[in-house]
Structures are given as structure tokens and as C-alpha cells.
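Participant: prediction below, plus the sequence it came from.
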Amino acid sequence: RQMTDATFAFRFEPGKVKAFEYVCARFRNEGFNVEQHQSPEGLTCIVSCSRARMDETATKHRLLKLEKDANIMEPFSQSTAITFQGHDLAEFFKPSEEVFLLWEAIRAVEVDGNFGEIVGALENVPAGSELIFALKESTAIIDVYPLHVNSIKKELWKKCLWASPLYHSAMIDDVHSYFGSKIALYFLWMRHYSFWLVAPALFGGTISFINHFVLHEDTTEESLLTPFFSLFIIVWGAFFMQFWKRSCASKCCLWGIVGGGYEERDDVRPEFQGAPRVSPITGRLERHSPRSVRLAKYVVSALVTGAMLMVAAAVMVLSLNLQGYIRHNSFWGEWLHFHFLSDFAEPGAVFDPNGGGPYPKILPLVPVVGHTLVILLLNNVYSTIAESLTEWENHKTRQAHENAVIVKRFLFECFDCYVALFYLAFCQMDIVLLGNELASLYMLNSVRRIFCESILPVFIRRAGAASKKMTGKKDDSEKPSGALASALEEADMDPYEQFDDFMEMVIEFGYVVLFASAFPIGSVLTLFTNLLEMWSDFFKLVHVHRRPESVRASSIGVWSQLLSNMVWLSVLTNVFLFGFTTDQIFKVFPSLTPATPIDPNSDPSSPEAAAAPKAIAMVFLVEHVLLLVLLVLQNLIPPVPEDVETELRRRQRRLLLLGP
């Protein structure tokens, strides 16, 4: 039988020999090809399947493939396989499709009557459960992961090494072919983001150049140009998100993704617990958990998250004291100011931000670096808490579970990264301190990302490999080869987690859109760091992490909504910076400028006092107009091109006619 390139590695605990042999025999009986390897480090089996099994699974999941005659995508059928283009070729299924189909075939293997006797009886593993889920629950298994196809991986790296995805869109298709649409959509978003950053980078870079080298203005508050840059960024953000949705829909249509939730329709998590009932929709037996139970758990999750946010806020206060940003006369200074910390930032002290202390180029950065490191630690701690809370909430589908984790971690990490900036912008109302803090956080995060995500993991892995080579036995006769060698090598690699890559880019997106007037040069820096980030992330995928599971996603999920929310929030932050934090409103609307500074004890009927309500009214008028502009743009620009929408409806109708 013709075998495919896709393989999965199953690694067992060294002492679970019976479970290991049972699983190997079980997969063989189901028609899979199994290689097994026993060593002191553990037990490993490699599972693959025949091309006929792939065809069968593709038929079951109605994978869309191109027909020969009509040249349109139709649901694949094993009985009419000869009507599809290239079915007689070994490369008929893309590498990512092979991984997807093999995983679905593995998931279809259920627990049999011998499982409890050999592996152990489990209360939460009912009859008919997936074997892979039962193995994870039994703790007999350490890891399950797809293996890289080294020949394809090397060719892909060679093609993409010097070809930036900013210029070569075919690279995105190559990434999709090997890794699947979920990974490819991240790189597609990065490419779209980088392309669209060119305009604000030119505008922001020009403004920064004019301010500093032509007008010789020290702060953005003095510039008449920065309010117009803020206006541009707000409108740019609305266009950016609508055209991203169009680009995403077009690519997914080209890749054969149906969308509309079709790919996630049967994606019930094996871990989902509920009482059995007959589904009122399908009439089939299903597990059901009342929504009221989950809502009560949401309240507990919110309280735990709130407690962690209080810790993050306390760290922010300590950091701002060490940097000298919080004084006794600051906003809430009587509660937030700590003399024993702020004294370190006094003129001539070690952390003097003006460089008056020892090592003026280095020591003032220590509080910022320390704050960044503590943020990383808190994020790591909360990521574990968020996973546990979401598992406890008992979401039914994998997509719902993943979205819940993303929202929790997004809210926490955004608070961690932005709380100090919001305090400086709208409590201290100091645009200079805001710009300084933005620049410091931005540069430190950029350096930290590249070093920690690409350079450090490779160094650690190679150092570990060298250590093993020096201390290991030189016995070539026992050294595994082929897929087994790959499985053991990749066992030392960390699993790939897309959340971290997306989170970093979304935080960076917030720096660009939320505080545009305080950091106009941020667009220029982001454009260049994005190009480096794309290369770095692709390097991680190929050389640092294990091959991720192939997921047929039709969008970037909840990230799209979170990015849209940031664009809407940018209206408030930029307008309030324009009207309240700085005096820019009086430069744009000179008629609102009071003749003399306003005295709070002055007569309310005086012209000076009357100017304040007019300025406030103008701020909220501008804010409402911009919100209306965003709403109009969102409704005028359809998120899906008309031809793509027509094709998606045709596919959905075709699948509907085929029945469940």
C-alpha cells in the first residue's frame, strides 16, 4: 500500500510498557502503519497510514479539492476520486492536509473493552471515547505530535530564507501547504499589517523629522502636525481592519476553506463533560452542560483574574516610583507615592532619569528592565492560571475553549503592558513621560522578543545536544534512524504556541494606534521590526519548535475582534490626548484658547472660565464624529468580496445537499 509522508509520534512513560504495546497493537489492527522504539528515555511509536485511508478520511470530512473538468472545488469523494485533478499523484494532498487527515483518522479510533484492564479504568472516559483522549487522561502518554518532513522543511526554509513575505505572496501559500491555514493566516496578517504600515510610517517619520530637525520642537505637545497624524491613524485603523477581513476571506476561499463555522461544526472537545441527552437539533445523543453552571464559573474566573490584575497594578506603581514618575503631588500621589522608592530617582541618585547619577546611560534603564521582567513572570504565571480556569469552565468546542483562553490572557497582558501608559496619559496627563515610557517599553520588548524566541532556544537546544553527545554512549548500532530519530530529536523541542506571536503583535499594534500623537515614530520602528519578526517567527517554526498540528481555520478567530476593539478604543485615547492631556486642541482651534490661565476660583461667567466648557464640548464633538466615521466605513466596506461570498455560498449549499 502507498504510504503518505505524514507521521505522528506517541511518547509513553518508560514504565508503561503494557499500555505502549496495547496502543501499538490497537493501531495496527485499525490498519495504521506503526514503528516502535524502546529506550531508557522512554517508549516511542510512530503512526502513519496508507493513501487509501487518507482518501476515506477526506471523504468523511468532505475536504474540498479541485475537479478536473469544472475547475472548481468540490467535496472529495473516494468513489469519484478520478474526477479530481492530480489524484493519481503522490502530492494530491498537501502536507498540511495529510497531517490533518491522519490526525482525524487517529481520533476516530475508539476505546475498546481491553483498555480498562490494560491501561486502567477511568471514570471520566465513557465507552466510545477517543483512544487518544483516554490515553491523555490515563497519564500513560507523555506527548503526541506530528513530525516534520525534513526534505520539505529544508526546501521551504531555503525558499523563504531570502524571500520576504512582504514582497512574495507565494511564500504564504507555501506556509499554508506545509503548516495549514491557522499558521498561514498569522503570516498573512503580518504581511497585510506590514504593507499597511508603510503609509503611517512615512507620515509619522516625516512628522518626527520635521519636529526635531526643522522646527526644533522638543515634545509632540508643541507640534501642530501630531493631531493630524492621530486623525490619520484612526481612519487608517478602520480601513486596515476591513481590508484585512477581505484579504483573509479571499485567501481562505483559495485554500479550500468553507468558513462560516463549517470546519468547527463537529469539533467537540473530548475533555468536555456533561450529562447525556438527545440533541434537539440533530436528534443524536450528545453531552450537555447547562449554561447557568458555566456562568457561575465565569464569575469565579473574573474574581481570580481581578486579583491577579491587582498584583500587576501594584508592580506598575512600584516601577513608576523607581523611575520618578510618581511624586507626592501626582494624581493619587498620597496613596501611590513611596518615598523610599522615588528617592532613587532624585537628581544625582542612581536611577536619575535625567542622567545625573552614576552610569547615566545604563542605570536609569534598570527600573524599566525590571518592570519588563516582572511583567513576563506575571504573564507566565497567569497563563497557567488562565488554562486551568478555562478547563474548569468546561467549554464544549475547541474553538470556544481557545477563544476563552485568548480573551483572559489578552485582557491580563494588555493591562500589564498598558496600565502604566494610561496612568501617565490620563492621570498624570504628561505627554513627555508617556512618550519616554512608550519608547523604553517598545525597544526593550523588541530586543527581548528576538533574543528569547529565536536565539536563546537554539543556543539551549544545541548546548543540550552537545552535552548529551559528550556524556552519551558511542554505540551506533543502537542509534535510531528515519522517523524514530526525528521523533526523539523533536521530543526535546517545545510545542509551538501561536498565542505569544499574536499577542506581541497586538500589543505592538496598540502602541501604534492608541498613543499615536505621543509616539509617531512608532510606525516606522514597527515596520522594520515586523520584517525582522516575520523572519524570526518562521525561523522558530522550522528550527526551534515542533511541527504544530494542522488546523483548518477560516479566520484568525477572536484576534480579529480584539484588533477591531483596539481601533474603536483608539478614537477615545487619541482624542483625549488631543483635548485633555496636551494643549493641541488650542493650536488647532485657537478661538478656544482662554485669554489668561483659568483660575478654579474665578467667576464662572468670566470669558476665561467659559472657554473650558467649549473646549470640552469640542473634544466630545470630535470624538463622536470620528466614531461615526468608523461606523460608516465599517458598513460601506464589505468584509467579504462579492465573488468570494458567491463561491462560499455555492460550497455551503453543495455541502448542505450532501447531508450530515
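Facilitator: Arrived safely. Numbering: from 1, shown residues only.
Participant: for the longest helix anywhere in the chain, list every residue counted as buried.
Facilitator: Ranked by number of residues, the top helix in the chain under DSSP state H is helix 291-322. Across helix 291-322, burial judged by 16 or more other CB atoms under 10 Å covers 294, 301, 304-305, 308-309, 312-313, 315-322. In short, each C-beta sits where N, CA and C put it, glycine included.
Participant: give me the most central residue, this structure.
Facilitator: The centroid of the chain falls nearest to F502 when counting by CA atoms, centre = their mean (2.6 Å).
Participant: pull the CA atoms of the host helix or strand of that one into PDB?
Facilitator: Assessed by DSSP states H and E, F502 sits inside helix 498-514. What follows is the C-alpha trace of helix 498-514 in PDB, where atoms were taken according to Å, rounded to 0.1, in the frame of the first residue of the first chain:
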ATOM      1  CA  GLN A 498       0.700  30.800  18.400                       C
ATOM      2  CA  PHE A 499      -0.800  33.000  21.200                       C
ATOM      3  CA  ASP A 500       2.600  34.500  22.100                       C
ATOM      4  CA  ASP A 501       3.300  35.600  18.500                       C
ATOM      5  CA  PHE A 502      -0.200  37.200  18.000                       C
ATOM      6  CA  MET A 503      -0.200  38.800  21.500                       C
ATOM      7  CA  GLU A 504       3.100  40.500  20.800                       C
ATOM      8  CA  MET A 505       1.900  41.900  17.500                       C
ATOM      9  CA  VAL A 506      -1.400  43.000  19.000                       C
ATOM     10  CA  ILE A 507       0.400  44.800  21.900                       C
ATOM     11  CA  GLU A 508       2.600  46.500  19.300                       C
ATOM     12  CA  PHE A 509      -0.400  47.400  17.300                       C
ATOM     13  CA  GLY A 510      -1.800  49.100  20.400                       C
ATOM     14  CA  TYR A 511       1.400  51.100  20.800                       C
ATOM     15  CA  VAL A 512       0.900  52.400  17.200                       C
ATOM     16  CA  VAL A 513      -2.900  53.200  17.300                       C
ATOM     17  CA  LEU A 514      -3.700  54.000  20.900                       C
END
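Participant: what is it packed up against?
Facilitator: If contacts are counted by 3 or more CB pairs under 8 Å, 6 or more residues apart in numbering; DSSP states H and E, helix 498-514 sits against helix 181-209, helix 226-254, helix 398-426, helix 431-450, helix 522-539, helix 558-576.
Participant: show me the contacts for the closest residue to I507 other than its chain neighbours.
Facilitator: Among residues not flanking I507 along the chain, C417 sits closest, at 5.3 Å (CB to CB, 6 or more residues apart in numbering). Residues near C417 by CB atoms under 8 Å, 6 or more residues apart in numbering: I375, L441, I507, G510.
Participant: just the buried members of those residues?
Facilitator: Among the contacts of C417, the ones that count as buried by 16+ other CB under 10 Å are I375, L441, I507, G510.
Participant: now these as TSV including pLDDT and distance to S560?
Facilitator: As requested, the buried ones among the contacts of C417 are exported to TSV (pLDDT from 0 to 100; distance: CB to CB, whole Å):
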residue	pLDDT	distance to S560
I375	84	25
L441	79	25
I507	90	16
G510	92	15
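Participant: any idea how far the closest residue to the residue nearest to the centre of the chain other than its chain neighbours lies from W189?
Facilitator: Excluding its sequence neighbours, the residue lying closest to F502 (CB to CB, 6+ apart) is W559, at 5.4 Å. Between W559 and W189 the distance is 8 Å, computed by CB to CB, to the nearest Å.
Participant: got the contact list for R284?
Facilitator: V278 are the contacts of R284 under CB under 8 Å, 6+ apart.
Participant: check the helices and strands packed on helix 498-514 for me: which has the lowest mean pLDDT.
Facilitator: Ranked by mean pLDDT, the helices and strands packed on helix 498-514 end with helix 431-450 at the bottom, a mean of 80.
Participant: who are the packing partners of that helix?
Facilitator: Short answer (3+ CB pairs under 8 Å, 6+ apart): helix 431-450 packs on helix 366-393, helix 398-426, helix 498-514, helix 522-539.
Participant: quick one: the third one to chain centroid distance?
Facilitator: So that's helix 498-514. 8 Å (CA atoms, centre = their mean, to the nearest Å).
Participant: begin at 14 from here
Facilitator: Shifting the count to begin at 14 puts that one at helix 511-527.
Participant: run the angle between that helix and helix 239-267 for me.
Facilitator: Per axes from the mean of the first three to the mean of the last three CA atoms, to 10 degrees, the angle that helix 511-527 makes with helix 239-267 is 150 degrees.
Participant: again with the last one
Facilitator: For helix 535-552 against helix 239-267, the angle by the same axes, to 10 degrees is 30 degrees.
Participant: what are the contacting residues of helix 535-552?
Facilitator: Against helix 535-552 from outside (CB under 8 Å, 6+ apart): 170, 173, 177-179, 188, 199-200, 203-204, 206-207, 210-211, 213-214, 216-218, 221, 246, 451, 455-456, 459, 462-463, 466-467, 514, 517-518, 521, 524-525, 528-529.
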